[in-house]
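Quick one: sequence plus predicted model below, questions after.
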Amino acid sequence: MNNLSKLWNLGIEIYDACGIPTSNAQKVWLFPYKRDRHNQEITRLWAFFDAVMEDRLSDDILQDVITIQSIGWTKITEGLFLLKPKKYLPLNKVVLPLLAEKGIQTKFRSLDEIKKINAAAKESFNLPFYQLSYEAWLYADRGKKKHRFWRVGTTSGRNKQSVLEEMYENNVVSIGWNDLGDLYKLPTLNKSALQKELIQTYDQDKRTSSRKAGEILNFATDLNRNDYVVAMEGHTVKAIARALDDRYHYDASLVFAHVKPVEWLAKDINDIQISEGLQTTFVELTAKDSINKLQELLNISETKKKELDNMVDKGSLNQILFGPPGTGKTYNSIDKAVHIATGESGNHAENKLIFDQLRIEGQIEFVTFHQGYSYEDFMVGIKPNTDTEQLTFKPHKGIFYRLVERAKANYVAYKNNKQEVKSFDIVFEDLIAPLEKGQTIDIPMEGGNAFTITDVDNGTIRFKKPNGSDRHTLSVDTLKAIVEGKRQFHSGLGAYYKPLVQRVQELQQPVSANTPLKNFVIIIDEINRANISKVFGELITLLEDDKRMGAENALALALPNGEPDFSIPPNVYIIGTMNTADKSIALVDIALRRRFEFEGYYPDYETLANFNAAHSNVLQRVNEAIYTRKKTADFLIGHGYFMKTEPLETILLKKVIPLLMEYFSGRTEEVQSILKAAGINAEYNTQRYIWIINATMFDETHN
């Protein structure tokens, strides 16, 4: 590849690439040898090719070419993939085991069965087929190899400086011997060439240079993807990583310049000692005792890593589904939310049932933005108290604030290996339940006395002291802050807060023996209809991946309600939907655009054609006419409007024409022209101010 780069004067050096998994070219031919052709095989194959490229492949065409010698069902799906990698998945021995893991039926002998498998794979993995094919290859590759354990030293030989933090920061493992330069620039990369360079550069003797050359070569060529790397300082295991791929590169800016990319599985270990491989740069660990210790540690860290990966593998933490109306943005947001929260994928009906249950349990929230939606609704503020005759205000915690608090409690308990306890709000509600029945609540104090809670209203706890005085009150918010460790209270009322805090903590029984990590999701429908900058406020900064709790640049900000350290954990996901007919992406606040990933949703004529071919034909022609006039896809009409059992005439009159009238500011001649382009004869009756479709012509054109 470097030679090609030089030949084409690209001016870059290429050391490695993952490439494309390949087979013997003769084994993937989609045609027989000339001597075996007797029935227009090449012509039939070109007809098959044209049908695929023009999206008119039928089962008859497929069943015909499958009879040609040298063509089988697996080969034909691989051919479909090469021609249309976004539409077809190669159903071969690499991909099928991964599909089977998800419970997808993998037998096929027709185009319809191929399409069903493709649809199931798309729904289960939510990945482009070309990426899924690569992931399947990695999955198969992981199953073939026995992954090795390698020891890497973490201190510089000259000054005993630790380079472990540098490795963490760059997500690499690295070794020294920087003066050797880029190993790929050596005339030959083998042990004898490295030994020669070590003798010349470092003035080493033959024995030492031979040993070190072997270690350096192991690092550059033998450390393979999914091998484990044990970062050690002397006898002590400091961390364990997994190699992400085989690529080696040279980075002269680092203390240890020879590097390979990794993901860190466990850090700050310090309690495992291994004597094997002392005073080496890089060496394979093979002693059974060493491997057993590391396997035991990995069994613990891998379980946690899988749960942490549940967060990472669900896509962007902040994403917006955008597109014209009727393209399935809200519909798909529900499926995405369930996949993020559970790690599972089902059909939409199944997902909707899970979605409803998770909303009840507080793991998913759904809100629709509108012009009057405010920061106070979303985060924190004050709201009028409608329970009192006089105008008073009470603190309000918005839907996003409450979701973050639940997610944070789960994340902190998980990270600290603690049991998650019942939330303050649930416990306090149970504690004061007797007040609803007209009863009072006695709270024992030190010294044998007790005070009595008589009422809780508007965040205020009214009580009687042991001497009968009721002049003072306690605050629910202050009590919660003390319970959660956010505040201390040492004033005279501390004597009353302290026993009440103890009572709440006694009631906060762990919800489970081990706290599993959960992902929490909020769907914001019509996110662009509110004043986004005002609604999100200071959250704009905290939404970024690297500003979340536990991240490298984690931030906590003070809120208007006085909370000093509000932060967002990494298990909070935001899914927004945005109707581009209301506002183009270009008009969305720049700060918000930088913090969200955008996924476009547009009319799906193929899905609609499977439901009703006539509907699909009409919609496509209508949208072509819209695009010709608007010069943008923001104002197209989605397939969702047409996937109804209603007559097409009804859909046009009740859904499509009103939308067109809105798009073209009530100009009836424009709307009439667009409908005419779709073969629909429609007129606007200026006497009755209604649209009339010529039913006879309509029936002739579309039935």
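On my side now, so go ahead.

I'd guess Val152 is in a strand, am I close?
Yes - Val152: assigned to a strand according to DSSP: H, G, I helix; E, B strand; the rest coil.

most remote residue from this structure's center?
Here the chain has its C-alpha centre computed as a mean, and the residue farthest from that point, by CA atoms, centre = their mean, is Asn467 with 58.5 Å.

Helix, strand, or coil at Leu321?
Of the three states, Leu321 takes strand under three-state DSSP.

Check the one 5 residues further on too.
With three-state DSSP as the basis, Gly326 sits in coil.

which residues does the nearest residue to it once chain neighbours are set aside contact?
In this structure, Gly326 finds its nearest non-sequential neighbour in Gly638, 2.6 Å apart by CB to CB, 6 or more residues apart in numbering. The way it works is simple: take the backbone N, C-alpha and C, and place the C-beta from them, glycine included. For Gly638, the residues meeting the contact criterion (CB atoms under 8 Å, 6 or more residues apart in numbering) are 323-328, 601-603.

And Leu223, by the same measure?
Applying CB under 8 Å, 6+ apart as the definition, the contact partners of Leu223 turn out to be 150, 173, 229, 243, 246, 260, 282.

mind listing which of the residues you listed are in strands?
Among the contacts of Leu223, the ones falling in strands (DSSP state E) are 150, 173, 229, 243, 260, 282.

Mind picking the one among those residues that's closest to Thr236?
Nearest to Thr236 among these, counting by CB to CB, is Val229 at 15.2 Å.

And for that closest one, the neighbour number?
Here the count is done by other CB atoms under 10 Å, and Val229 has 25 residues near it.

What residues are bridge-paired with it?
With DSSP bridges applied, Val229 shows beta-bridge pairing to Trp150, Ala241.

how close does it get to Tyr88?
Noted for Val229: a distance of 38 Å to Tyr88, by CB to CB, to the nearest Å.

Ok, Lys464 next?
Between Lys464 and Tyr88 the distance, using CB to CB, works out to 76 Å.

Equivalent analysis for Glu544, please.
Distance from Glu544 to Tyr88, by CB to CB: 37 Å.

Among these two, which residue is more densely surrounded?
Per other CB under 10 Å, whichever of Glu544 and Tyr88 has more neighbours is Tyr88, with 22 against 16.

Is the more buried one part of a helix or strand, or is it coil?
Note that with three-state DSSP, the state of Tyr88 is coil.

For it, which non-adjacent residue is spatially closest?
What sits nearest to Tyr88 in space, not counting adjacent residues and going by CB to CB, 6+ apart, is Leu80, at 3.7 Å.

buried ones in the helix or strand that contains the one you found?
Counting by DSSP states H and E, the secondary-structure element that holds Leu80 is helix 73-83. By neighbour count on 16 or more other CB atoms under 10 Å, the buried set for helix 73-83 is 73-81.

could these go into TSV alongside pLDDT and distance to Leu353?
Putting these into TSV (pLDDT from 0 to 100; distance: CB to CB, whole Å) gives the following:
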residue	pLDDT	distance to Leu353
Trp73	88	36
Thr74	87	37
Lys75	86	40
Ile76	90	37
Thr77	91	33
Glu78	89	37
Gly79	89	39
Leu80	92	34
Phe81	91	34
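
nearest to Thr628, of those?
Proximity of the buried residues of helix 73-83 to Thr628, judged by CB to CB, is greatest for Leu80, which lies at 32.5 Å.

which residues touch the closest one?
Under the criterion of CB under 8 Å, 6+ apart, the contact list for Leu80 reads 52, 87-88, 90, 114.

Show me which pair in these is furthest apart.
Val52 and Pro90 (13.8 Å).
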